[in-house]
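Engineer: just coords:
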């Protein structure tokens, strides 16, 4: 066993038993239309103790200490660390590159490459009472969280109307507003809005103010307007259900569908 592993096993850090978490790209894949800002650099610095997990499925769920012994390429990376610990201390861009992703700029997850070196850096820097690894790729994704929350709630509400035969659509408009950059970094900014519209069935109720006001097509960029629309849709659905239960649906509302 290497000297590095012997020292680490004899006196593991308090966090050695922490579980390596999962980078959840679900949000980025499904809700990229709500991305508000993306910052990227290939020469960033990261606090290695803020690395919480990885996108690599083979290492998710291991503890950091387990990873030292079970990482597929630790048998090569540990000897390289012992021969050249200065690699981890240099400020130049790391070669091969090391990649990290974050949604909040604090908790970071290993991306396309750098799993073994990230794990080793945590233990090495703990031993040396250091924190920052330099020259790495960072991608920080910032979302329009309030508008995304409205969108998710509205989509759930609209699915319940669809089940009753009232089809409505909710589109996401995502616009690239600009970019700041120089060599080695960039920040892209975006804006998002929603567009709500009803199906052809709405023509049947064009003379019914209650229905027309709720189902009128509209753009939503302010989350407050989205929550107001959600409330109107829920109220309309509750009224339909209540009128249907009492048997006075048509008389009370003028709506033709039970």
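Structural biologist: Done, it's in. The model shown is predicted, which means the values in this text are computed figures rather than measured ones.

Engineer: can you give me the strands for the stretch 101-250 of the chain?
Structural biologist: With DSSP state E, counting those that start in this stretch as the definition, the stretch 101-250 of the chain shows strands at residue ranges 108-110, 132-143, 168-182, 185-198, 218-220.

Engineer: buried ones in stretch 10-26?
Structural biologist: Of the residues in stretch 10-26, those with enough neighbours to count as buried (16 or more other C-beta atoms under 10 Å) are 12, 13, 16, 20, 22, 23. Every C-beta, even on glycine, is put in place using the N, C-alpha and C of the backbone.

Engineer: Which one of those residues is nearest to residue 183?
Structural biologist: Using C-beta to C-beta, the shortest approach to residue 183 within the buried residues of stretch 10-26 belongs to residue 23, at 27.3 Å.

Engineer: still on that earlier bit, take the strands of the stretch 101-250 of the chain and write them to a markdown table, including mean neighbour count.
Structural biologist: As requested, the strands of the stretch 101-250 of the chain are arranged in a markdown table below (neighbours: other C-beta atoms under 10 Å):
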| stretch | mean neighbour count |
| --- | --- |
| strand 108-110 | 25 |
| strand 132-143 | 20 |
| strand 168-182 | 12 |
| strand 185-198 | 17 |
| strand 218-220 | 16 |
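
Engineer: and the closest residue to residue 32 other than its chain neighbours, what is it in contact with?
Structural biologist: Leaving out its chain neighbours, the residue that sits closest to residue 32 by C-beta to C-beta, 6 or more residues apart in numbering is residue 174, at 7.5 Å. Residues in contact with residue 174 (C-beta atoms under 8 Å, 6 or more residues apart in numbering) are 32, 33, 34, 35, 190, 191, 192.

Engineer: Now residue 50, what are its backbone angles?
Structural biologist: Listed backbone geometry of residue 50 is phi -100, psi 0, with angles given as degrees, to the nearest 10.

Engineer: Please report how far the closest residue to it other than its chain neighbours lies from residue 204.
Structural biologist: In space, residue 50 comes closest to residue 108 once its chain neighbours are excluded; the distance is 5.4 Å by C-beta to C-beta, 6+ apart. When C-beta to C-beta, to the nearest Å is the yardstick, residue 108 and residue 204 sit 53 Å from each other.

Engineer: Any idea what the residue nearest to residue 32 is bridged to?
Structural biologist: Listed beta-bridge partners, residue 174: residue 192 (assigned using DSSP bridges).

Engineer: The chain: helices as residue ranges?
Structural biologist: Remark: helices assigned in the chain by DSSP state H are 3-10, 26-30, 64-70, 74-83, 86-89, 115-128, 145-162, 209-215, 223-246, 249-253.

Engineer: Same list, the ones you listed, but as JSON lines with mean pLDDT please.
Structural biologist: Output for these, formatted as JSON lines (pLDDT from 0 to 100):
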{"stretch": "helix 3-10", "mean pLDDT": "95"}
{"stretch": "helix 26-30", "mean pLDDT": "94"}
{"stretch": "helix 64-70", "mean pLDDT": "97"}
{"stretch": "helix 74-83", "mean pLDDT": "96"}
{"stretch": "helix 86-89", "mean pLDDT": "96"}
{"stretch": "helix 115-128", "mean pLDDT": "98"}
{"stretch": "helix 145-162", "mean pLDDT": "97"}
{"stretch": "helix 209-215", "mean pLDDT": "84"}
{"stretch": "helix 223-246", "mean pLDDT": "88"}
{"stretch": "helix 249-253", "mean pLDDT": "46"}
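
Engineer: Any chance of JSON lines for those helices, columns distance to residue 103?
Structural biologist: Formatted as JSON lines, the entries for the helices of the chain read as follows, by distance: least, C-beta to C-beta, whole Å:
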{"stretch": "helix 3-10", "distance to residue 103": "30"}
{"stretch": "helix 26-30", "distance to residue 103": "7"}
{"stretch": "helix 64-70", "distance to residue 103": "21"}
{"stretch": "helix 74-83", "distance to residue 103": "28"}
{"stretch": "helix 86-89", "distance to residue 103": "26"}
{"stretch": "helix 115-128", "distance to residue 103": "18"}
{"stretch": "helix 145-162", "distance to residue 103": "10"}
{"stretch": "helix 209-215", "distance to residue 103": "34"}
{"stretch": "helix 223-246", "distance to residue 103": "19"}
{"stretch": "helix 249-253", "distance to residue 103": "44"}
